[in-house]
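[1] Quick one: sequence and predicted model below, then my questions.
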Amino acid sequence: MNSETQKPAFRRQIPAGDTHERDVCSTCGFINYVNPKVVTGAIVRHDGKLLLCRRAIEPRTGFWTLPAGFMELGETAEQAAMREAREEANAEIVIDRLLAVYTIPRIAQVQIMYLARLARPDISAGPESLEVKLAGWDEIPWADLAFPSVRWALEQYRSVEGLSDFPAFANPPGEFGGI
């Protein structure tokens, strides 16, 4: 059997010069690195209200979230956040600044959240949303938020609302694995 017809045979081992166990092909030496996924999104503001999307997809179908999702190859974090707002709420947004970077090792994610504003007030549910709305603070469905990181972003934004200069946030104290 020649190398062109051999099927890769992966085994768990710590590659030379590495510190983590990985899947390594015993045929060719290829190392299969599995790294965290990057999620980007935004708190989108318009006339004192915030854009919320009611999820039409798993996980957490029917719960409310901010427009956010996985980055694609070839795009920046900002471009991904703008794309997600278009996909989920048919919203064109302008990114103003970074709000937070969360690390959630339990699900192997890094989440980058921006502050943004609507470029136009036109919004409607995209294919990943059951409905979208602009909500004031007293209209946010706090008990029906999809993920703890949505609450973190909203609460952290509230703490700096109206300020133009503040450092980016990270996970709230004691919050490292839950989403």
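    Here it is on my side, so go on.
[2] Please identify the pairing partners of the helix or strand harbouring residue 112 and their relative orientation?
    Counting by DSSP states H and E, the element that carries residue 112 is strand 109-118. With DSSP bridges as the test, strand 109-118 is paired with strand 37-46 (parallel), strand 93-104 (antiparallel).
[3] Go through those strands and pick out the most buried.
    Stretch with highest mean neighbour count among the strands paired with strand 109-118: strand 37-46 (a mean of 22; mean count of other Cβ atoms under 10 Å). No exception for glycine: its C-beta is placed from N, CA and C like everyone else's.
[4] Tell me which stretches of the protein form helices.
    Taking DSSP state H, the helices of the chain run over residues 77-89, 148-160.
[5] and these, which is most packed in?
    It is helix 77-89: most buried of the helices of the chain by mean count of other Cβ under 10 Å, with a mean of 21.
[6] what's the angle between it and strand 109-118?
    70 degrees (axes from the mean of the first three to the mean of the last three Cα atoms, to 10 degrees).
[7] Which other helices and strands does helix 77-89 contact?
    Judged by 3 or more Cβ pairs under 8 Å, 6 or more residues apart in numbering; DSSP states H and E, helix 77-89 is in contact with strand 37-46, strand 49-55, strand 68-70, strand 93-104, strand 109-118, strand 129-135.
[8] Export these as TSV, with columns for mean pLDDT and distance to residue 171.
    Output for those, formatted as TSV (pLDDT from 0 to 100; distance: least, Cβ to Cβ, whole Å):
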stretch	mean pLDDT	distance to residue 171
strand 37-46	98	14
strand 49-55	98	21
strand 68-70	98	16
strand 93-104	97	5
strand 109-118	98	9
strand 129-135	98	24
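[9] Format those as TSV; extra columns: distance to residue 161.
    Below are these laid out as TSV (distance: least, Cβ to Cβ, whole Å):
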stretch	distance to residue 161
strand 37-46	9
strand 49-55	10
strand 68-70	19
strand 93-104	11
strand 109-118	10
strand 129-135	14
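[10] what residue ranges in the chain score low on pLDDT?
    Across the chain, the ranges flagged by pLDDT under 70 are 1-5, 177-179.
[11] Not including adjacent chain positions, what is the nearest residue to the one residue sitting closest to the centre of it?
    What sits nearest the mean C-alpha location of the chain, by Cα atoms, centre = their mean, is residue 39, with 2.6 Å. Nearest residue to residue 39, sequence neighbours excluded (Cβ to Cβ, 6 or more residues apart in numbering): residue 111, at 4.5 Å.
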